[in-house]
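Asks: for reference, the sequence and a predicted model appear below.
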Amino acid sequence: MGYTRCRSSAWRIPPIVKWVTPHIFAHRRVAAALVAVGISLSITAAVASPSFAKQQSADWSQQQITAGIRGVDVSQWQHGYRKPLSFAKLRKSGVRFAFIKASDGKSVGDRPARKWWPIDRKAARKARLVVGSYHYGRPTSNVNNLVADAVGEANQAAARTGRYVSGYLPTALDLESAPTNLTPAQVTLWAETWLRTFKDLTGRAPILYSYRYFLATRVLATPELTSYPLWFAHYGTKQGGTTAPIAGWPVDAPDFWQFSSRGRLAGSGSTNIDLNVFFGSGDELRQLAHMSVASAQQFGLL
């Protein structure tokens, strides 16, 4: 899960933070102007970001998380130099579930997702991690094509992950950016269409992934949108073991919390890894994954 968030960037940056580092130019007026723009953009990003200038945890204990079920999420960026991940080592680190990028709304992101999804899915299952998947959503800027665009991306995701039901977590819609010309109502229409279409195609309610600033400013907290399970990104070690309520969303949201993009675990590959916690019991995760009691025991949930 590219950023705005870092799932489409070769290096991990916080949600919507785009650091502006002005180049040094001989012409002082040009340099001064660029510095001014850079500072302005950085300040704007700082207000929006859930993790700007905040220390992030390398593991669950540093975040003071003692309850819930531990998990990670991965994409091609954990495969530097084309190396596989060691999901077996991740499991030894206490990880019990893994969301894996399976599809992307643009071909530049979908090609590596299409490559690594089957490889990581099989490896994670072999290591007895409960597998979930996510689709990186990219709403169109064409306001007259919002519904058709969302339906197309939902079909793309369903074709990739829809048949993985028994023993698998639902697919998540990773929605963290949208064209600036779209209003919150239009972004919400796109999101609701995607989620509803995916549910109709697969028979399973998908999960919505996003972060606080996007939820507060780019979408509307409609009854339909807030009815889906929420996977929430919000970083910073000062939060401790809990995350604050999200305005407009149910008081018990989120279901999943991504608390760091800078995890360092044995087996996490060539770079940092996203760390998550499921706010529930092993049996509740088992039910969400349509997993039998016997399988849940083998996967270390019970």
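Replies: Everything's here; your move.

Asks: tell me the buried residues in the helix or strand hosting Ala294?
Replies: Applying DSSP states H and E as the criterion places Ala294 in helix 293-298. Buried positions in helix 293-298, judged by neighbour count with 16 or more other Cβ atoms under 10 Å: 295-296. In short, each C-beta sits where N, CA and C put it, glycine included.

Asks: show me where this structure has strands.
Replies: Assigned strands in the chain, in chain order: 69-74, 97-104, 130-136, 168-174, 207-211, 230-233, 256-263, 273-278 (criterion: DSSP state E).

Asks: for these, which one sits closest to Gln239?
Replies: Go through those one by one with Cβ to Cβ and the one that ends up closest to Gln239 is strand 256-263, at 6.9 Å.

Asks: which parts of the protein are helices?
Replies: Taking DSSP state H as the criterion, the chain carries its helices at 28-48, 87-92, 107-126, 146-161, 184-202, 212-217, 282-288, 293-298.

Asks: closest one to Pro139 among these?
Replies: For Pro139, the closest of those is helix 184-202, at 4.4 Å, according to Cβ to Cβ.

Asks: for the closest one, which outside residues touch it?
Replies: Applying Cβ atoms under 8 Å, 6 or more residues apart in numbering, the external contacts of helix 184-202 come out as 137, 139-140, 143, 146-147, 149-151, 153-155, 157-158, 162, 165, 171, 173, 175, 178, 182, 204-206, 208, 217-220, 222, 224-225, 228.

Asks: can you put the strands of the chain in a markdown table and add mean neighbour count and distance to Asp110?
Replies: Formatted as a markdown table, these follow (neighbours: other Cβ atoms under 10 Å; distance: least, Cβ to Cβ, whole Å):
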| stretch | mean neighbour count | distance to Asp110 |
| --- | --- | --- |
| strand 69-74 | 24 | 16 |
| strand 97-104 | 27 | 4 |
| strand 130-136 | 28 | 8 |
| strand 168-174 | 26 | 13 |
| strand 207-211 | 26 | 17 |
| strand 230-233 | 26 | 20 |
| strand 256-263 | 25 | 22 |
| strand 273-278 | 26 | 20 |
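
Asks: I'd like those as a markdown table, with mean pLDDT appended.
Replies: Shown next, in a markdown table, are the strands of the chain (pLDDT from 0 to 100):
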| stretch | mean pLDDT |
| --- | --- |
| strand 69-74 | 97 |
| strand 97-104 | 98 |
| strand 130-136 | 98 |
| strand 168-174 | 98 |
| strand 207-211 | 97 |
| strand 230-233 | 97 |
| strand 256-263 | 95 |
| strand 273-278 | 96 |
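
Asks: can you list these in JSON lines and add distance to Gly300?
Replies: As requested, the strands of the chain are exported to JSON lines (distance: least, Cβ to Cβ, whole Å):
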{"stretch": "strand 69-74", "distance to Gly300": "9"}
{"stretch": "strand 97-104", "distance to Gly300": "10"}
{"stretch": "strand 130-136", "distance to Gly300": "9"}
{"stretch": "strand 168-174", "distance to Gly300": "15"}
{"stretch": "strand 207-211", "distance to Gly300": "21"}
{"stretch": "strand 230-233", "distance to Gly300": "21"}
{"stretch": "strand 256-263", "distance to Gly300": "18"}
{"stretch": "strand 273-278", "distance to Gly300": "13"}
